[in-house]
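A.B. asks: Can you look at this prediction? I've put the sequence above it.
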Amino acid sequence: MTQRIQIGAVFIIMHLSFGYVVYPNLIYRLTETAHWEIILCLGLLQLLLMWFYIKGLHYFPNNDVIDIHLKMGRWAAIIFLIPFVINLIALVSLNIRIHTEVIISIFLPRTPYWSILLLLFFVSVYTALKGLGTILRSSIFIFLFVIPLVLLNIFSSAINFNIHNVTPGLDLPPKFLLNMRFFYLLGFSSFLFLGFITSKTNLIFRHLFVAWVIVTLLFLLVVYIPLLVFGQETVITLTNPFLEAMDSIDISWFSFNRQAIFFGVLLVGLVILTNSVIFWMIGRVMQKVFIWDSSYWIIACSVIAFIVAIAVPNKYLLEKYFLWSSGAQAYFMISIPLTIFIYGFLSNRGVKVREK
C-alpha cells in the first residue's frame with residue numbers, strides 16, 4: 001500500500017511540474033471558451049494510453065519497458081529507446097531552465113541563473129544516483145510539503161475571482177483535436193516512468209485512476225484560476241498566468257506579503273523530484289542497452305543537459321525548444337504504450353497457439 005501511494009505521489013508531482021508553467025498558456029491559445037473540454041479530452045486520451053501501457057506491461061511479468069524492448073532485439077531497443085533518451089535529456093534541460101527563470105523572477109532577481117541551474121542539477125542528480133527507493137520516499141515528503149501550498153494558492157486566490165470572466169460553454173465540434181498544440185499538451189503527460197518500475201512493483205490500473213483524477217482536477221484549477229482572476233482577453237497576453245494570478249493577491253496580513261513566494265518554493269520541490277525521476281530513467285535505459293553502470297550515464301547525461309540549459313540564449317528560444325521537445329515526447333507517449341501492448345498481445349497469442 002505504501003509503495004502504491006508513493007507511485008501515485010510521483011505521478012501527481014511530475015504532472016504538476018510540467019503543468020504549472022507552460023500548460024495554461026497552451027490551453028489559452030487553443031480556445032477562448034470551454035477550456036474544460038481540452039483538459040478532459042486530454043485526460044481521457046492519457047487514461048486510454050495508460051490502460052494500453054499497463055495492459056501491455058502485464059503480458060511480461062517482472063520485466064520493465066527496457067527488458068521488453070530488448071526481447072524484440074538489441075537493435076530494436078536502440079532504435080526505439082535511444083531517441084527517447086535524447087529527448088529526455090533535452091526535456092530535463094529545458095524544464096530546469098524554464099523553472100529557473102520563474103524562480104529568479106519571483107525572489108532571486110540578482111542571482112545569476114547558472115548558479116540556480118547548478119544547484120537544481122546537483123540535487124536532482126544526487127537523488128537519481130541514490131536510486132528508486134530514495135526517489136519514492138522523497139516523493140511523500142515533497143507531496144506533503146507541496147499539497148498544502150497548492151491548497152493555499154487555490155483558496156487564497158478565490159478572493160479575486162470574477163465568475164463573469166469565464167464562459168464555460170460547449171465547443172462543438174472540438175476543433176482543437178486537429179491543432180498541433182493539443183498534441184504538445186500530451187507531451188506533458190508523465191506516465192511513462194510507470195513502465196520502468198514494473199519489475200519492482202505490481203502496477204494495477206485502478207490504483208492509478210485516483211492519481212489521474214487528482215491530476216485532472218489540479219489541471220482544471222491551474223487553468224481556471226488565472227481565467228477567473230483576469231479573463232481570457234488578459235490572460236492570453238501574460239507570460240506566466242498562474243504566477244501573475246498569485247501575485248495579484250494581497251496577503252499583507254501574513255509574514256510573507258507575496259503569495260508568489262510560496263509558488264516559487266513549490267516549484268523547487270516539483271522540479272527536483274521530476275528531474276530526478278527522468279535522470280533515473282535515462283540511467284536505467286543506458287545501463288541495460290549498453291551494459292555500463294547507470295551512475296556514469298546519469299552523470300554524463302546531466303553534464304550534457306546542463307550545457308544545453310546554459311546554451312539557450314533567451315526565453316523565446318527556450319519556450320520554442322521546450323515545445324518541440326514536448327511534441328517529440330508526445331510521440332513517445334503514444335508509440336511506446338501501443339508498441340508494448342501490440343507486442344505483448346501478439347506474443348501472448350503466439351504462446352497460446354503453441355500450447356494448443
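C.D. replies: Nice, I can see it.

A.B. asks: shaky segments in the protein?
C.D. replies: Low-confidence segments of the chain (pLDDT under 70): 1-2, 166-174, 198-202, 249-263, 349-356.

A.B. asks: so where do the helices sit in it?
C.D. replies: Under the criterion DSSP state H, the chain carries helices at the ranges 2-19, 23-30, 35-58, 65-72, 74-107, 113-130, 132-157, 180-186, 205-230, 232-235, 241-247, 260-290, 294-311, 315-355.

A.B. asks: Tell me which of those helices sits nearest to residue 195.
C.D. replies: Closest to residue 195 of the helices of the chain is helix 65-72 (CB to CB; 3.4 Å). (Glycine included, C-beta is placed from N, CA and C.)

A.B. asks: outside of the closest one, which residues touch it?
C.D. replies: 56-57, 60, 63, 76-77, 80-81, 192, 195-196, 198-199, 284-285, 288-289, 336, 340, 343-344 (CB atoms under 8 Å, 6 or more residues apart in numbering).

A.B. asks: on that earlier part again, nearest to residue 164, out of the helices of the chain?
C.D. replies: helix 205-230 (9.4 Å).

A.B. asks: distance between that closest one and the chain's centre?
C.D. replies: Relative to the chain's own centre, helix 205-230 is displaced by 13 Å; criterion: CA atoms, centre = their mean, to the nearest Å.

A.B. asks: now that helix and helix 23-30, what's the angle there?
C.D. replies: Taking axes from the mean of the first three to the mean of the last three CA atoms, to 10 degrees, one finds that helix 205-230 is oriented at 70 degrees with respect to helix 23-30.

A.B. asks: mind listing what's buried in helix 205-230?
C.D. replies: Neighbour counts over helix 205-230 (16 or more other CB atoms under 10 Å) mark 208, 211-212, 214-216, 218-219, 222-230 as buried.

A.B. asks: same check, this time on stretch 113-122
C.D. replies: Under 16+ other CB under 10 Å, the buried positions of stretch 113-122 are 116-117, 120-121.

A.B. asks: What are the contacting residues of that stretch?
C.D. replies: In contact with stretch 113-122 (CB under 8 Å, 6+ apart) are residues 96-97, 99-101, 103-104, 108, 268, 271-272, 275, 302, 305-306, 309-310.

A.B. asks: PyMOL command to pick out the buried ones of those?
C.D. replies: The following PyMOL line selects those of the contacts of stretch 113-122 that are buried, judged by 16+ other CB under 10 Å:
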select buried, resi 96+97+99+100+101+103+104+268+271+272+275+302+305+306+309
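
A.B. asks: now the helices of the chain in JSON lines, with distance to residue 165?
C.D. replies: Below are the helices of the chain laid out as JSON lines (distance: least, CB to CB, whole Å):
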{"stretch": "helix 2-19", "distance to residue 165": "21"}
{"stretch": "helix 23-30", "distance to residue 165": "12"}
{"stretch": "helix 35-58", "distance to residue 165": "12"}
{"stretch": "helix 65-72", "distance to residue 165": "43"}
{"stretch": "helix 74-107", "distance to residue 165": "24"}
{"stretch": "helix 113-130", "distance to residue 165": "34"}
{"stretch": "helix 132-157", "distance to residue 165": "13"}
{"stretch": "helix 180-186", "distance to residue 165": "22"}
{"stretch": "helix 205-230", "distance to residue 165": "6"}
{"stretch": "helix 232-235", "distance to residue 165": "7"}
{"stretch": "helix 241-247", "distance to residue 165": "11"}
{"stretch": "helix 260-290", "distance to residue 165": "20"}
{"stretch": "helix 294-311", "distance to residue 165": "36"}
{"stretch": "helix 315-355", "distance to residue 165": "25"}
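
A.B. asks: Mind checking those helices for the one nearest to residue 163?
C.D. replies: helix 205-230 (7.0 Å).

A.B. asks: what's the closest one packed up against?
C.D. replies: Contact partners of helix 205-230 among helices and strands, from 3 or more CB pairs under 8 Å, 6 or more residues apart in numbering; DSSP states H and E: helix 2-19, helix 23-30, helix 35-58, helix 132-157, helix 241-247.

A.B. asks: Can you lay out the buried residues of stretch 113-122 as a markdown table showing distance to residue 38?
C.D. replies: As requested, the buried residues of stretch 113-122 are exported to a markdown table (distance: CB to CB, whole Å):
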| residue | distance to residue 38 |
| --- | --- |
| 116 | 32 |
| 117 | 32 |
| 120 | 30 |
| 121 | 33 |
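
A.B. asks: what two of these are the furthest from one another?
C.D. replies: Maximum distance among these (CB to CB): 9.5 Å, for 116 and 121.

A.B. asks: Contact partners for residue 294?
C.D. replies: 280, 283-284, 286-287.

A.B. asks: Cool, thanks, signing off.
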